[in-house]
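Chemist: No sequence on hand, only this structure:
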């Protein structure tokens, strides 16, 4: 008789450490629900939505420059002094043309950004729902669904900008500018203090953002307590990733090739890792309990009871004559047999 196979090192670690077993269960759920595929799709929609946002940004800058002709003249002089010849004149003409078309560019960019953002939010909610539930949940309605997606998109955009701004403020150069504007001498103690406060506030804001995304964006209600814990994990991971990303940009931007392709690649990696982190945190929240989660189960189809009535009309005339003939033949044969035996 063969001996049972010994458990592997991962099995022993899962039995010994509950947190490690939770991580493994979360990753298995994330992989079973195609979390990497959803993260890649969300990255595409994120990059796609940036182009109309740039159009809106150009329109805003155009409106600001049109109201400040002195600043516009300064920019023209700077361009002509930096780029001489026909190329400088072409750049100035291009800038003036963009400023003149600021209204149409802004309207088209805003409409396209809204449409792309709605698609991004719809797919994000679908991905989060897949992390929580076994079956796909039907939406409450087209109009209501679109309105909720629009509000969720605006809130996500505002809070994301706030977290990025706070993280940027914690860097050395912006912090020195803020201290100088406030008239505070540059002491190393203040630098570390303000940097720590900035990072802490950024984590708290990210915590609220990710908790809201994990708990409220799915199509059905989920556990808020588990979502709060998962949101904290996502916020800490997001802040660590932003710090690493800032170091990456400082290193990459030193070379011409890095300055050309580094920001684009960094943006794609940033979008993918952020989506991956949010979806994995949702899977972690969905597997927070040892017991299987109560999943949405469709009710069975209604039972239809249809009684079937069948009338018994008895034997027909042909069947009666046939039975009488068979009986007579049988009786005659039986009488013949008894006489022969005597």
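Modeler: The structure has been received and is ready for your questions. Everything numeric here is computed off the predicted structure, so don't read it as measured data.
Chemist: Show me the shaky parts of the stretch 51-200 of the chain.
Modeler: 83-85, 87-88, 134-140, 163-164, 166-179, 182-191, 194 (pLDDT under 70).
Chemist: ok, now with 80
Modeler: 54, 58, 61-62, 64-102, 105, 133-146, 148-149, 152-153, 155-199 (pLDDT under 80).
Chemist: where along it do the helices fall?
Modeler: For the stretch 51-200 of the chain, the helices defined by DSSP state H, counting those that start in this stretch cover 69-82, 86-100, 102-132, 142-169, 172-182, 188-216.
Chemist: Let me see the residues that make contact with the second one.
Modeler: If I follow you right, that is helix 86-100. 58, 62, 65, 66, 72, 75, 76, 79, 80, 82, 83, 105 (CB atoms under 8 Å, 6 or more residues apart in numbering). Placement of C-beta: from N, CA and C, glycine included.
Chemist: One more pass at 10 Å, please.
Modeler: Applying CB atoms under 10 Å, 6 or more residues apart in numbering, the external contacts of helix 86-100 come out as 58-59, 61-66, 72, 75-77, 79-83, 105.
Chemist: filter those residues to the buried ones?
Modeler: The neighbour-count test (16 or more other CB atoms under 10 Å) marks 58, 59, 62, 65, 72, 79, 105 as buried among the contacts of helix 86-100.
Chemist: what residues are up against the closest residue to the third one other than its chain neighbours?
Modeler: Once its chain neighbours are removed from consideration, residue 62 has its nearest residue in residue 102; the separation is 3.2 Å (CB to CB, 6 or more residues apart in numbering). The neighbours of residue 102, taking CB under 10 Å, 6+ apart as the test, are 58, 59, 60, 61, 62, 63, 64, 65, 66.
Chemist: same thing but at 6 Å, please
Modeler: Shown in contact with residue 102 (CB atoms under 6 Å, 6 or more residues apart in numbering): 59, 62, 63.
Chemist: List just the nearest of the residues you listed to residue 276.
Modeler: Nearest to residue 276 among the contacts of residue 102 is residue 59, at 32.6 Å by CB to CB.
Chemist: I'd guessed that closest one sits against residue 103; true?
Modeler: No - using CB atoms under 6 Å, residue 59 makes no contact with residue 103, being 7.3 Å away.
Chemist: State the distance from the residue lying closest to residue 71 once chain neighbours are set aside to residue 109.
Modeler: Excluding its sequence neighbours, the residue lying closest to residue 71 (CB to CB, 6+ apart) is residue 65, at 6.3 Å. According to CB to CB, to the nearest Å, residue 65 and residue 109 sit 17 Å apart.
Chemist: same deal with residue 42?
Modeler: 21 Å.
Chemist: Which one's more surrounded, these two?
Modeler: More neighbours surround residue 42 than the other of residue 42 and residue 109, with 23 against 20 (other CB atoms under 10 Å).
Chemist: Where does the more buried one fall, secondary structure wise?
Modeler: Using DSSP states H and E, residue 42 falls within helix 35-66.
Chemist: Next, the angle helix 142-169 makes with that helix.
Modeler: Here the directions of helix 35-66 and helix 142-169 differ by 70 degrees (axes from the mean of the first three to the mean of the last three CA atoms, to 10 degrees).
Chemist: Is residue 254 within a helix or a strand, and which one?
Modeler: For residue 254, there is no enclosing helix or strand under DSSP H and E.
Chemist: For it, what are phi and psi?
Modeler: phi -70, psi -30 (degrees, to the nearest 10).
Chemist: For residue 261, see how far away it is.
Modeler: 13 Å.
Chemist: Comparing those two, which shows the higher neighbour count?
Modeler: Using other CB under 10 Å, the more surrounded residue of residue 254 and residue 261 is residue 261, with 12 against 9.
Chemist: Can you give the distance from the helix or strand hosting that one to the centre of its chain?
Modeler: Following DSSP H and E, one finds residue 261 within helix 256-286. How far helix 256-286 lies from its chain's middle: 12 Å, per CA atoms, centre = their mean, to the nearest Å.
Chemist: Good, wrapping up.
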